[in-house]
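Colleague: sequence plus the predicted model coming up.
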Amino acid sequence: MAATVRYADTAVGTELPGASFPVARVDLVRYAGASGDFNVIHWNERVAASVGLPNVIAHGMLTMAEAIRVVTDWVGDPGALLQYGVRFTRPVVVPDDADGATLEVTAKVTELLDDNCVRITITASSEGQTVLGKAQAIVRLA
Amino acid sequence: MVLNADFIGRAYPASAPYLVGREKIREFARAIGDGNPVYFDRDAARALGYADLIAPPTFATVVAMQASQAVMFDPELGLDFSRVVHADQYYAYARPICAGDELIVSTRIENIRMVAGNDMLTTQASIDTIDGEHVVTATSVLVSRGAES
């Protein structure tokens, strides 16, 4: 493992560079194919509506994958990630238009741990509403 | 519906080995829009000390897909798939998944409880190489919404 961020340079409150991820219908189709999750609510508006959703929603696991980018891009080596967990609190609704949805992700260090590890708390939102809860990662720094 | 708490501790047979391929890692990385060179370029992965491409952290979901479906469609457990929502996902990594790994998934039901009229099912999947090296543990919480909600 070769994290490029040094533990010694990190403090509680250190902010990681945030990122913004566009999510269009085609991204959901591509993720369905690559992941093997073909749940109909991620690509069929009729079925999504029939189960009470406002529209097609993104795979929670796609949102989870995008949110951790902020951490893995910061730390340099994705293999420095030791733990990662999220709660799916609200769906990312993806309308069938030119813009689709946007996922906004920020993160900061919230705890310094032993062995050069830090806890990072991630916030992810779409349309101004938080979509992940208890989103935390533990990474080992250099 | 109410899931039977007797299923807590139920273990499912280990999955058939999943061979992690370079092109599958690249396909998955493209699908999540992540261009990190360690997912695409063997030299970049080797420069960080890995034997081959490593997979993005949530690639574990691909490896565990068949095993999770065995639980979700277990007729004896009786989960109503049309009412199931993925509530929580948690990974603990011993190391990243790497191209060339042959992985088996051993799943067990950790907990079943009723919260606000909904069944909450916690499963834990241990992902290990065929040689017995532990790679990642995946813990999932599924909620089966009650008929009235």
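Modeller: Arrived safely, thanks for sending.
Colleague: what sits against residue B:91?
Modeller: A:83, A:84, A:85, B:57, B:58, B:60, B:136, B:137, B:138, B:139 (Cβ atoms under 8 Å, 6 or more residues apart in numbering or on different chains). For every residue, glycine as well, the C-beta is placed using N, CA and C.
Colleague: over to residue A:99?
Modeller: Under the criterion of Cβ under 8 Å, 6+ apart, the contact partners of residue A:99 comprise A:22, A:24.
Colleague: again with residue B:134
Modeller: By Cβ under 8 Å, 6+ apart, the residues touching residue B:134 are B:94, B:126, B:127, B:128.
Colleague: enumerate every residue touching residue 101.
Modeller: No chain was given, so I picked chain A. Contact criterion Cβ under 8 Å, 6+ apart gives A:22, A:23, A:24, A:58, A:92, A:93, A:94, A:95, A:126, A:127 as the residues in contact with residue A:101.
Colleague: could you do chain B instead?
Modeller: Shown here is residue B:101, whose contacts under the criterion Cβ under 8 Å, 6+ apart are B:19, B:20, B:129, B:135.
Colleague: where does pLDDT dip in chain A?
Modeller: Confidence mapping of chain A against pLDDT under 70 gives the ranges A:1-2.
Colleague: residue closest to the middle of it?
Modeller: residue A:67 (1.9 Å; Cα atoms, centre = their mean).
Colleague: that one: what secondary structure?
Modeller: The assignment at residue A:67 comes out as helix when based on DSSP: H, G, I helix; E, B strand; the rest coil.
Colleague: and the residue nearest to residue A:17 when sequence neighbours are not counted, how far from residue B:141?
Modeller: Here the nearest residue to residue A:17 in space, its sequence neighbours aside, is residue A:74; by Cβ to Cβ, 6 or more residues apart in numbering or on different chains that works out to 6.4 Å. When Cβ to Cβ, to the nearest Å is the yardstick, residue A:74 and residue B:141 sit 27 Å from each other.
Colleague: circling back to that earlier point, how about the contacts of residue B:134 in a markdown table, adding distance to residue A:52 and pLDDT?
Modeller: Shown next, in a markdown table, are the contacts of residue B:134 (distance: Cβ to Cβ, whole Å; pLDDT from 0 to 100):
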| residue | distance to residue A:52 | pLDDT |
| --- | --- | --- |
| B:94 | 40 | 98 |
| B:126 | 35 | 97 |
| B:127 | 34 | 98 |
| B:128 | 39 | 98 |
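Colleague: how about JSON lines for those residues, with secondary structure added?
Modeller: Formatted as JSON lines, those follow (three-state DSSP):
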{"residue": "B:94", "secondary structure": "coil"}
{"residue": "B:126", "secondary structure": "strand"}
{"residue": "B:127", "secondary structure": "strand"}
{"residue": "B:128", "secondary structure": "strand"}
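Colleague: next, give me the two most distant ones among those.
Modeller: Taking Cβ to Cβ, the two most distant members of those are B:94 and B:126; they sit 10.1 Å apart.
Colleague: any idea which helix or strand carries residue B:24?
Modeller: According to DSSP states H and E, residue B:24 maps onto helix B:22-31.
Colleague: pull out the buried residues from the contacts of residue B:101.
Modeller: Of the members of the contacts of residue B:101, the ones counted as buried by neighbours, 16 or more other Cβ atoms under 10 Å in any protein chain shown, are B:20, B:129, B:135.
Colleague: for chain A, what lies in contact range of chain B?
Modeller: A:1-2, A:21, A:27, A:30-31, A:33-37, A:51, A:60-62, A:64-66, A:68-69, A:72-73, A:77-79, A:81-88, A:134 (Cβ under 8 Å from any Cβ of the partner chain).
Colleague: if any of the residues you listed are buried, put those into a ChimeraX selection.
Modeller: Those of the residues of chain A next to chain B that count as buried under 16+ other Cβ under 10 Å are selected in ChimeraX with:
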select /A:1,21,27,30,31,34,35,37,60,61,62,64,65,66,68,69,72,77,78,79,81,82,83,84,85,86,87,88
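Colleague: I'd guessed residue A:77 sits against residue A:4; true?
Modeller: Yes. Using Cβ atoms under 8 Å, residue A:77 is in contact with residue A:4, at 7.4 Å.
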